[in-house]
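Visitor: Build the 3D model from these lines:
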Amino acid sequence: MRHFLDLDLIAPADLRSILDEAHRMKKARLGQPKGMADKDASLQGHILAMIFEKSSTRTRVSFDVAMRQMGGSAVILDTHTSQLGRGETIADTSRVLSRMVDAIMLRANSHKSLLEMAKWASVPVINGLTDRSHPCQIMADLQTLEESGLALKGARIAWVGDGNNVLNSFIDAASAFEYSLIAACPNGFKPDAKTVENARTKGARIEITDDANIAALSADCVVTDTWVSMGDENVSQRMQAFAPYQVNEELMAKANARAIFLHCLPAHRGDEVTNAVMDGANSLVFAEAENRIHAQKAILRWCLEK
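Guide: Residues are numbered from 1 along each chain as shown. Got it, this is the predicted structure:
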């Protein structure tokens, strides 16, 4: 069973193949209306169940559009309109859906829920985001960097801000794609130590600092995320801790002249990033958002062996 749960669980050759397929599929759609099916319609007749425990814009729309463009369809569930919200176990839900659909995408509050879903599923399960990781996002990010002309091998990627689920997935992918990653996070908000150690044992070049200026120095790409994510309660503490980690023109000036800015969105302009950077010539955040469609097409095709 080809689940897409975390990037460190997938062979580097398969990750490379998925990324190459994402590039190919995007190029194949050039000039086509967004509502038109792909020429190969490789998932004709296939159905994806999408389960949302957290709200979503990009994940929801990109997976739905991906399925439609490949000739398939999607069914959207959330805890308010399904039996998951009334106490049905994840195991039972997983076994039921496996008899009705061809794949399951779960956007979960807890990574344990994702692993439980995969344990009982007889169809591929895809991680649409958990508190531990966000692998689909990173595949779109890496696609964006490559299509900008940046070679991932040997690139220096700087993360500035919260040591969160998105950063964990950047760490997971570092050894497979051979980029260096330096993350600047305040004390108390560092990335998961086990995730860092696991990546380093595989040869990944990972540095952790508390100085945003050190991270940004000579970087090929600067990445950030919101300071307060869904479910975070210590809002005032976070805002105070992250204040020195804003990505602004001064910080970007420390990076390479052509350094790319990425943000998985939604962005809180004026907090983690300024308007000048967000809307600047080196910002690829909207191409990054679009690439969720193409990366997820490639992920779905890989999971379904298409």
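Visitor: can you pull up the bridge partners for the closest residue to residue 129 other than its chain neighbours?
Guide: Once flanking residues are discounted, residue 129 sits nearest to residue 107: 4.8 Å by Cβ to Cβ, 6 or more residues apart in numbering. C-betas here are computed from N, CA, C, even on glycine. Note on residue 107: beta-bridge partners by DSSP bridges are residue 52, residue 129.
Visitor: Hmm, residue 107 is touching residue 58, no?
Guide: No. Using Cβ atoms under 8 Å, residue 107 makes no contact with residue 58, being 10.8 Å away.
Visitor: what about those two, which has more around it?
Guide: residue 107 (24 against 18; other Cβ atoms under 10 Å).
Visitor: OK, contacts around that one?
Guide: Going by Cβ atoms under 8 Å, 6 or more residues apart in numbering, residue 107 touches 50, 51, 52, 53, 54, 56, 59, 128, 129, 130.
Visitor: before we move on, the earlier item: how much space is there between the residue nearest to residue 129 and residue 146?
Guide: From residue 107 across to residue 146, the span is 26 Å (Cβ to Cβ, to the nearest Å).
Visitor: With residue 48 instead?
Guide: Per Cβ to Cβ, residue 48 is found 26 Å from residue 146.
Visitor: Between those two, which has more neighbouring residues?
Guide: A direct count of neighbours by other Cβ under 10 Å for residue 48 and residue 146 places residue 48 higher, at 27 against 18.
Visitor: Quick check: nearest residue in space to that one, chain neighbours excluded?
Guide: Per Cβ to Cβ, 6+ apart, closest to residue 48 is residue 74, 4.6 Å.
Visitor: In contact with residue 213, which residues?
Guide: Residues in contact with residue 213, defined by Cβ under 8 Å, 6+ apart, are 251, 254.
Visitor: redo that, cut-off 7 Å
Guide: Counting by Cβ atoms under 7 Å, 6 or more residues apart in numbering, residue 213 makes contact with residue 254.
Visitor: In which helix or strand does it reside?
Guide: Using DSSP states H and E, the element containing residue 213 is helix 212-216.
Visitor: Dump the helix or strand residue 157 falls within to CSV, keeping only the CA atoms.
Guide: Taking DSSP H and E as the definition, one finds residue 157 inside strand 156-160. Only the C-alpha atoms of strand 156-160 are listed here, as CSV (Å, rounded to 0.1, in the frame of the first residue of the first chain):
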residue,chain,number,x,y,z
ARG,A,156,20.8,26.8,1.3
ILE,A,157,17.2,27.1,2.6
ALA,A,158,16.6,29.3,5.6
TRP,A,159,13.5,28.9,7.8
VAL,A,160,12.6,31.8,10.1
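Visitor: Give me the next element, helix or strand, following it.
Guide: Next along from strand 156-160, by DSSP H and E: helix 165-177.
Visitor: Grab the CA positions of the longest helix belonging to the chain and hand them over as PDB.
Guide: The longest helix of the chain (DSSP state H) is helix 285-303. Written as PDB, here are the backbone C-alpha positions of helix 285-303 (Å, rounded to 0.1, in the frame of the first residue of the first chain):
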ATOM      1  CA  VAL A 285       4.000  32.500  -2.700                       C
ATOM      2  CA  PHE A 286       1.200  32.500  -5.300                       C
ATOM      3  CA  ALA A 287       3.000  30.200  -7.700                       C
ATOM      4  CA  GLU A 288       3.700  28.100  -4.600                       C
ATOM      5  CA  ALA A 289       0.000  27.900  -3.800                       C
ATOM      6  CA  GLU A 290      -0.900  26.900  -7.400                       C
ATOM      7  CA  ASN A 291       1.700  24.200  -7.300                       C
ATOM      8  CA  ARG A 292      -0.200  22.400  -4.600                       C
ATOM      9  CA  ILE A 293      -2.500  21.200  -7.500                       C
ATOM     10  CA  HIS A 294       0.300  19.800  -9.600                       C
ATOM     11  CA  ALA A 295       2.300  18.300  -6.700                       C
ATOM     12  CA  GLN A 296      -0.800  16.600  -5.400                       C
ATOM     13  CA  LYS A 297      -1.600  15.200  -8.800                       C
ATOM     14  CA  ALA A 298       1.700  13.600  -8.800                       C
ATOM     15  CA  ILE A 299       1.300  12.300  -5.300                       C
ATOM     16  CA  LEU A 300      -2.100  10.800  -6.100                       C
ATOM     17  CA  ARG A 301      -0.800   9.200  -9.200                       C
ATOM     18  CA  TRP A 302       2.100   7.700  -7.200                       C
ATOM     19  CA  CYS A 303      -0.200   6.400  -4.500                       C
END
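Visitor: Give the rounded mean pLDDT of it.
Guide: On average, the pLDDT along helix 285-303 is 98.
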